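Undergrad: coords please:
(chains A and B)
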Amino acid sequence: MIKAVRGTRDLLPPETALWNFVESAVRDVFRAYNFQEIRTPVFEDTALFSRSVGEETDIVSKEMYTWDDRGQVPKILADAVTPEDSARYSYQSLTLRPENTAGVVRAYIEHDLWQKGLSKLYYIGPQFRRERPQKGRYRQFYQIGAEVIGPASAGSESPARDAEVLEMLATLLDRLGITDWNLELNSVGCPNDRTAFNEALRKALEPVKDKMCADCQRRTVTNPLRVFDCKVPEDQPIIEKLPRISQFLDEPCRAHFEAVQAILKSVGVQFVLNDRLVRGLDYYTRTAFEFTHGALGAQNAILGGGRYDGLSESLGGPAAPGIGFAIGEDRLVMSLKESAEGVLRKPDVYIAPLGPGMNAEAARLARELRRHDLVVELGDESFRLKKSFEAATKAGAKYILIVGENEVKADAFALKDLAKGEQVSVPRAELAQRIQGAR
RNA sequence: GUGGGAAUAGCUCAACUGGCAGAGCACCGGACUGUGGCUCCGACGGUUGCGGGUUCGAUUCCCGUUUCCCACCCCA
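TA: Residues are numbered from 1 along each chain as shown, chains lettered A, B, ... in the order given. Just a heads-up that it's a prediction; the model follows:
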């Protein structure tokens, strides 16, 4: 038997109702903040991701689904592509998107969206990373994300954008009934700050690294920032004494970060500062954040994001500061209190044709009722009435409508409330109103 | 990619030291030919994840493999 491949899964009803519940809440909330939907391709030129996410990140170095395809390096990327790149991509290398920010920024550049001032875009869709699967981590997973990007003159660089995005996320989670979230906030500064900080960190680690765990010794060389992620208890006293990024922020970055916090306080969004929070993707600058939720095990990050002021330029586009986030939809659905059954819309009425020739009449009635925005399930004239009742009950229908010879003659139909057990005869013309009234 | 645990009916799980592969729920039918839920009766349902090995005999022991789960790495 052929099965869904490792790390992928089918989303079946009724669980899909939960996903729709989430997505329609997302569309509602985002609309109030004037975000509009963008849909970008599921695969892109490989160079897009290595340039933006970062060649040295885990995502690019070992988690991408990449293959060679016939084609050429697209013009839009030509300026950003080095000679070594074009040799490497003589057959165009394509990659299933491991995240969606790069694609959105690519589209922003390609369609000259800077001309429209500030762009506020959101997306919902599958992403792909070749990681070892576990709970809340799949190889095809779904992200809901949004980006605010535009010329600085349109306010894209303002701390007001950061705060607005964070407040929107708090609103969304509350609206979904997820109340026990925690917002962790940090600033990772500008590229200059990070260079200085990395320098200082290496210097501070040099004399103590021998006392640290094997992972940390490796991180000291490859990516000193990641030492802050260490969970080994013995290393904590050492880590506590290390310099913090906050001490290295230049004046504009520090002021920006403080302004974000001030607005959050003013709108009443709770947060905690976490100067150990570092983001894994290269393009992040200044504000970095994460919303966590306790019930998710090791994968406790329900969403993450931050500012990426230099990303557009590094892809050959105009200066276009931006901030965005990605919600792990799989994880979000897992942390919902709602049950799939709870958000599922059950049939308002089950129509039970009774006896030969009744299917046609039942179909007419179904068509009529569905025009009134009722959810109608239709049985079959071959069913015994008992079977129709069982089917109606199993489907969770509110009413059952019997369509038999007697009813057709009288042009009035037996309508029974399945929960209350009350049955009445209702003239055809009043059926829709009668059923709607009970909703 | 590393380490550990698990895999038996559609679902949740049993099966003693290696000896006929079972139960509950679900599904289908009947008791009841125009009235469901409750009850009773019956039927259906299996390559014990897959492949090999040991054995008279393997769901059980061994090896390999796949997938899921837990943790690491990392991230959403």
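
Undergrad: excluding its backbone neighbours, what's nearest A:Val426?
TA: Using C-beta to C-beta, 6 or more residues apart in numbering and skipping residues adjacent in sequence, the residue nearest A:Val426 is A:Leu415, 4.8 Å away. To be clear about C-beta, it is placed using only N, CA and C from the backbone, and glycine gets the same treatment.

Undergrad: and if you look at A:Ser314?
TA: Closest to A:Ser314 by C-beta to C-beta, 6+ apart is A:Arg51, at 6.3 Å.

Undergrad: enumerate the residues of the stretch 201-350 of chain A near RNA strand B.
TA: Proximity of the stretch 201-350 of chain A to RNA strand B (C-beta under 7 Å from any atom of the strand) is limited to residues A:215, A:219, A:223, A:226, A:229-231, A:278-281, A:290, A:297-305, A:326-328, A:330-331.

Undergrad: from these, list the buried ones, please.
TA: Buried subset of these (neighbour count, 16 or more other C-beta atoms under 10 Å): A:219, A:230, A:278-279, A:281, A:290, A:299-305, A:326-328, A:330-331.

Undergrad: just checking, which of those residues belong to strands?
TA: Taking DSSP state E, the ones among these that sit in strands are A:Glu290, A:Ala301, A:Ile302, A:Leu303, A:Gly304, A:Gly305, A:Ala326, A:Ile327, A:Gly328.

Undergrad: output these in TSV, with pLDDT appended to each entry.
TA: Shown next, in TSV, are these (pLDDT from 0 to 100):
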residue	pLDDT
A:Glu290	94
A:Ala301	88
A:Ile302	92
A:Leu303	94
A:Gly304	94
A:Gly305	94
A:Ala326	96
A:Ile327	96
A:Gly328	95
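
Undergrad: from these, which single one is nearest A:Ala320?
TA: Lowest distance from A:Ala320 to those (C-beta to C-beta) belongs to A:Gly305, with 16.6 Å.

Undergrad: for A:Gly125, helix, strand, or coil?
TA: strand (DSSP: H, G, I helix; E, B strand; the rest coil).

Undergrad: could you dump stretch A:425-439 to CSV, C-alpha only?
TA: Provided in CSV are the C-alpha atoms of stretch A:425-439 (Å, rounded to 0.1, in the frame of the first residue of the first chain):
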residue,chain,number,x,y,z
SER,A,425,-46.9,19.0,9.4
VAL,A,426,-45.6,22.1,7.6
PRO,A,427,-46.9,23.5,4.3
ARG,A,428,-44.2,23.6,1.6
ALA,A,429,-44.1,27.5,1.5
GLU,A,430,-43.3,27.7,5.2
LEU,A,431,-40.6,25.1,5.4
ALA,A,432,-37.5,27.3,5.0
GLN,A,433,-38.7,29.9,7.4
ARG,A,434,-39.7,27.2,9.9
ILE,A,435,-36.3,25.6,9.8
GLN,A,436,-34.3,28.8,9.8
GLY,A,437,-36.3,30.1,12.8
ALA,A,438,-34.8,27.3,14.9
ARG,A,439,-31.2,28.1,14.0
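
Undergrad: run through the stretch 251-400 of chain A and note the low-pLDDT ranges.
TA: Applying pLDDT under 70 to the stretch 251-400 of chain A flags the ranges A:280, A:295, A:297-298.

Undergrad: and the strands in it?
TA: Ranges of strands within the stretch 251-400 of chain A are A:272-273, A:285-293, A:301-307, A:322-328, A:349-353, A:376-378, A:399-403, based on DSSP state E, counting those that start in this stretch.
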